[in-house]
Each structure stands twice: as structure tokens, then as C-alpha cells.
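[1] Requesting a structural model of the entry that follows:
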Amino acid sequence: MTGSEVPPSFRLAYVPGVTPTKWVRIWNERLTGVPLTLVQVPAGEAAEALRTGGADAGFVRLPIDRTDLSAIPLYTETTVVVIPKDHLVAAVEEISVGDLAEEIVLHPLDDTLEWEQLPGRPALERPATTADAIELVAAGIGVLLVPQSLARLHHRKDLTYRPVSGAPESRVALSWPEEKTTDLVEEFIGIVRGRTVNSTRGRTPTPPQPKAKRKPAPGKATGKSGGKPAGAGKNPRGGAGGSGGAKGGGKGGAKRGKPRGR
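    Coordinates of the predicted model:
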């Protein structure tokens, strides 16, 4: 390698709540010579990071502007409401959006849910981040609706969460710049989609090996020589074959028995 060559590497962006550990482990097992660097970015800045070269690919939350970005939707998260542990909602397994009509629902500026109409009563101000909103929930100011992974990320001993039906859900996708679909990007797409090493897109599959010809067993006719097969010319009962072995015939072949009386 000359001094002007740069060793290959791969930068993977991910938004809060996404855990890329499994895919990174598989990458490190398969591409030992290509280091993978994780880049955490706020959800609202993930698309820009991909466009400006801050990462080769990334896990983002949909929707994003796909004018110049490709995206493969991976999964949809359950929406939950984060509440204090002593809140009345904590006594049930699940609630609906309508159950929050009398609650102050916090709406942080980095909210990842697309609301047509936010449920409950609005707070006087919007928190700057989800982390700030979590602090307000702990202080008893209001409640917060987020994807379940964010509730887990910001877990506190004095808070809990419950699933909410009728709320918009967050979809997570793998995205990358469409014009920069490199071989390494294809490799990572294959890993995320669960392809095996031999089936990964872009790799040349291992050609099938020709089957070895079976050698004939010793003593068996091969069809190439003119010799008779083993046992040719022998009577199955052990006698000699041919015309001399006719049943009951030939000299000295009289039937045995008692002599006739004269």
C-alpha cells in the first residue's frame, strides 16, 4: 500500500433508541480488516449527516426526504406514555389516546412521532429535547409519549411507561445516500437483511466442486475389458456349465436305485 492510499473503513450513524450492537458484531466477524465506527446523531439531524458525508449509512426514523436517500424500513415501534410510578395510569396494562384528554402532554422539539393532533392539554412551553421532557415528567409537570426504545433509553427508577393505542408509531429504517451505494454499503445491507456469508449481495458465490468419479469395486466388470465376469461358466449349483452339464444326461449318469428283479 502506498502512502496515498487510505485503508477502508465504514461509518454507521444511528439515532437515539436504536441499538445496532447485533449488526456491528456480525460486521466485525465478517470484515475483520474494515473497522466500523459508530456515530450517534439526533433524530432530526440523521438525514443531513448522511447527505454531508458524516456517515456511509445510518439507522434513521421515518419519514425522511428520500429525494437523494435510499431507505429500507426495518421495524415499527410501539408508542408508550411515560408517567410517574404513582400515576393512576400505572395501574393498567394499556391505555388509549382518549384516556389522556385531561393530562398535560409534553411535546419536545425533537419529537419523533407525527401527530395530526396532540392529545391532552398542551404545556406552556415545548421542552427542547426528550431528555428535558423526561425531567419534567419526573417533576410531575406532565406526561410524555415516545417510542418504547426511547422510554427504555431514558429509564428512571421513579418513572414507568404503558403502551398507548391509537397513537402514531415510529418506524426505523436503514438509509444511505443513493449515489453512494458502495460495496461496503451493500455488505451492511446484506447483514441487516440476514444474508449469510455466501449469499451476500455483491459477493461471488463459491463454485460447486466437481464430484469425484467412483472407482469400480475390485472384481467387478468395468465394461472396458473383454474378460468374462467373475463366475462365468459355472453352474449355480457348483457343477460345470455348458452342454456337458445337462440334467441327468451324459455317460455314467445312470440313475441310482434298486436293481430290477429278474
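[2] ok, which stretches of this protein are helices?
    Taking DSSP state H as the criterion, the chain contains helices spanning 21-30, 46-51, 130-138, 148-153, 183-192.
[3] Taking helix 21-30 as reference, get the angle to the last one.
    Pointing back at helix 183-192 there. Between helix 183-192 and helix 21-30, the angle formed by their directions is 120 degrees, by axes from the mean of the first three to the mean of the last three C-alpha atoms, to 10 degrees.
[4] Average pLDDT for helix 183-192, rounded please.
    The predicted model gives helix 183-192 an average pLDDT of 96.
[5] Kindly reformat the helices of the chain as a markdown table containing mean neighbour count and distance to T79.
    Placement of C-beta: from N, CA and C, glycine included. Putting the helices of the chain into a markdown table (neighbours: other C-beta atoms under 10 Å; distance: least, C-beta to C-beta, whole Å) gives the following:
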| stretch | mean neighbour count | distance to T79 |
| --- | --- | --- |
| helix 21-30 | 14 | 23 |
| helix 46-51 | 20 | 20 |
| helix 130-138 | 19 | 13 |
| helix 148-153 | 20 | 7 |
| helix 183-192 | 18 | 24 |
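[6] which stretch among those comes nearest P84?
    Between P84 and these, the shortest gap by C-beta to C-beta is with helix 130-138, which sits at 6.8 Å.
[7] Distance from the chain centre to that closest one, please.
    Distance of helix 130-138 from its chain centroid, counting by C-alpha atoms, centre = their mean, to the nearest Å, is 34 Å.
[8] just stretch 161-176 next, same as before
    For stretch 161-176 - counting by C-alpha atoms, centre = their mean - the centre lies 20 Å from the chain centre.
[9] buried stuff in that stretch?
    Using 16 or more other C-beta atoms under 10 Å as the burial criterion, the residues of stretch 161-176 that qualify are 161-162, 164, 167, 170-176.
[10] cool, and stretch 98-105?
    Neighbour counts using 16+ other C-beta under 10 Å place 99-100, 103-105 of stretch 98-105 among the buried residues.
[11] Go through these and name the one nearest T182.
    When the buried residues of stretch 98-105 are compared for distance to T182 (C-beta to C-beta), V105 wins out at 43.0 Å.
[12] wait, what's in contact with the closest residue to the closest one other than its chain neighbours?
    Nearest residue to V105 in three dimensions, chain neighbours excluded: G120, at 3.6 Å (C-beta to C-beta, 6 or more residues apart in numbering). If you count contacts by C-beta atoms under 8 Å, 6 or more residues apart in numbering, G120 has them with 100-105, 142-143.
[13] what's the most distant pair in those?
    Pairwise distances across these (C-beta to C-beta) peak at 13.2 Å, for the pair A101 and G142.
[14] picking up where we left off before, can you add distance to L88 and give the helices of the chain back as TSV?
    Converted to TSV, these look like this (distance: least, C-beta to C-beta, whole Å):
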stretch	distance to L88
helix 21-30	36
helix 46-51	36
helix 130-138	14
helix 148-153	18
helix 183-192	41
